[in-house]
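*Asks:* curious how this folds, go ahead:
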Amino acid sequence: MITKVVKIDESNISREAVREAGRILAGGGLVAFPTETVYGLGANGLDARAAAKIYEAKGRPSDNPLILHIARMEELEPLAAEIPEEARALASAFWPGPMTMILKKTAAVPYETTGGLDTVAVRMPSHPVANGIISAAGVPIAAPSANKSGRPSPTKASHVIEDMDGRIDMIVDGGEVGIGLESTIIDMSEGIPTVLRPGYITMDMIRRITGRVELDKASMGQMAPGVHPKAPGMKYRHYAPKAELTIFRGRPEISAAAISSALKKAASEGKKAGVICTEESIGLYESPVKKCVGSRRNPETIAHNLYDVLRAFDEEQVDCIFSESFEDYPLSGAIMNRLIKAAGHRIVECQE
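*Replies:* From the prediction side, this is the model:
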């Protein structure tokens, strides 16, 4: 398969390119496109065969549900059998935007899209290119991140090309995305709103709308074998670079000392090691492969750069990666959720 790559300027969107992407999707093909979170790999979410193509292209386990993307609120009604008032309030507050809600599905949504579940995950992206393509297709678009399963999610078209060239019909290059982490996923199908995957929409933001919200224990931990994941990113290894990643948790100066010791040990073993650090700490390390992920004074930069940094280590062909932890910020839940899963839960607790 030859993958067509089309560049789109967000400030002057090509109607022709958007219509072409819509035609491919409506016809059962696969198109990768930018959203405000990461690049998505789209297919007609109401076409079981098209949804199956996503799993094949990504190498994604078939029980890992997909998220349906819509362009207007009225498109939710045919997909959700029940829409609680709290769900409508959240949609009013955060759509279009980086929030996904899980609701009980209608018969219109095939089980191939939901990973065999009786619930469906839906969101309305705010990115104008994504919104235009969904509208042009005329159907809800199932769109997980446009990367091979388990790899860091793509925040640039070059990441998508690296993973998906020759596997899909079209890649719409809309430049670098804004947020850099996938949407917050909230389960609205069982009463109390429950966050299954942290994201840019934080627990506090949700609580202001619903008055109550819980965090699913599996969102930061490891799901037991045999359990069916209700949302993407809950069960399987995700977001991971090729090298082994270890997180050093503790105060920045304490973890920096522990990482420096780990770097010396790796060097003595003949290993090429890398470090994930910040603007504030980059000068503390002697490693020739150290990547600044952003500033602790501006945690949004850390969220924005995380996946790009993880992919950069693959290019450097390092044997192991040591990362600082990023706690006590509004986005800490989302950042640490991705980092912990990328590390396969390898965490060193740094003592005072």
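*Asks:* pLDDT score for the residue sitting nearest the centre point of the chain?
*Replies:* Of all residues in the chain, the one closest to the mean position by Cα atoms, centre = their mean is residue 182, 3.0 Å from it. If you check residue 182, the pLDDT there is 97.
*Asks:* which residue sits closest to it, ignoring its sequence neighbours?
*Replies:* Spatial nearest neighbour of residue 182, excluding adjacent residues (Cβ to Cβ, 6 or more residues apart in numbering): residue 37 at 5.2 Å. To be clear about C-beta, it is placed using only N, CA and C from the backbone, and glycine gets the same treatment.
*Asks:* and the one you found, how far is that from residue 183?
*Replies:* To residue 183, residue 37 is 5 Å away according to Cβ to Cβ, to the nearest Å.
*Asks:* need the overlap of contacts for those two.
*Replies:* 98, 199, 200 (Cβ atoms under 8 Å, 6 or more residues apart in numbering).
*Asks:* I'd say the first one and residue 177 touch.
*Replies:* No. Using Cβ atoms under 8 Å, residue 98 is not in contact with residue 177, being 10.4 Å away.
*Asks:* in stretch 136-155, what counts as buried?
*Replies:* Judged by neighbour count (16 or more other Cβ atoms under 10 Å), stretch 136-155 contains these buried residues: 136-137, 139-155.
*Asks:* I misspoke; the intended subject was stretch 56-70.
*Replies:* Neighbour-count burial for stretch 56-70 flags 57, 58, 60, 64, 65, 66, 67, 68, 69, 70 (criterion: 16+ other Cβ under 10 Å).
*Asks:* now, which of the residues you listed lie within strands?
*Replies:* Using DSSP state E, the members of these that fall within strands are 67, 68, 69.
*Asks:* so what's the nearest residue to the last one once chain neighbours are set aside bridging to?
*Replies:* Computed as Cβ to Cβ, 6+ apart, the closest residue to residue 69 that is not its neighbour in sequence is residue 141, at 4.6 Å. Partner residues in beta bridges with residue 141, using DSSP bridges, are residue 44, residue 69.
*Asks:* how close does residue 141 sit to residue 113?
*Replies:* According to Cβ to Cβ, residue 141 and residue 113 sit 10 Å apart.
*Asks:* before we move on, the earlier item: any idea how far the residue nearest to residue 182 lies from residue 100?
*Replies:* Distance, residue 37 to residue 100, using Cβ to Cβ: 10 Å.
*Asks:* find residues that contact each of the two.
*Replies:* Listed as contacting both residue 37 and residue 100 by Cβ under 8 Å, 6+ apart are residue 183.
*Asks:* that older thread, out of the buried residues of stretch 56-70, which is nearest to residue 318?
*Replies:* residue 58 (24.6 Å; Cβ to Cβ).
*Asks:* before we move on, back to that, looking at residue 37 and residue 100, which is more packed in?
*Replies:* Counted by other Cβ atoms under 10 Å, residue 37 and residue 100 do not tie: residue 37 has more neighbours, with 29 against 25.
*Asks:* picking that back up, tabulate the buried residues of stretch 56-70 in a markdown table, adding columns for pLDDT.
*Replies:* Converted to a markdown table, those look like this (pLDDT from 0 to 100):
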| residue | pLDDT |
| --- | --- |
| 57 | 96 |
| 58 | 96 |
| 60 | 86 |
| 64 | 87 |
| 65 | 94 |
| 66 | 97 |
| 67 | 98 |
| 68 | 98 |
| 69 | 98 |
| 70 | 98 |
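*Asks:* ok, so of these, who is nearest residue 312?
*Replies:* Using Cβ to Cβ, residue 58 is the member of the buried residues of stretch 56-70 that lies nearest residue 312, at 21.5 Å.
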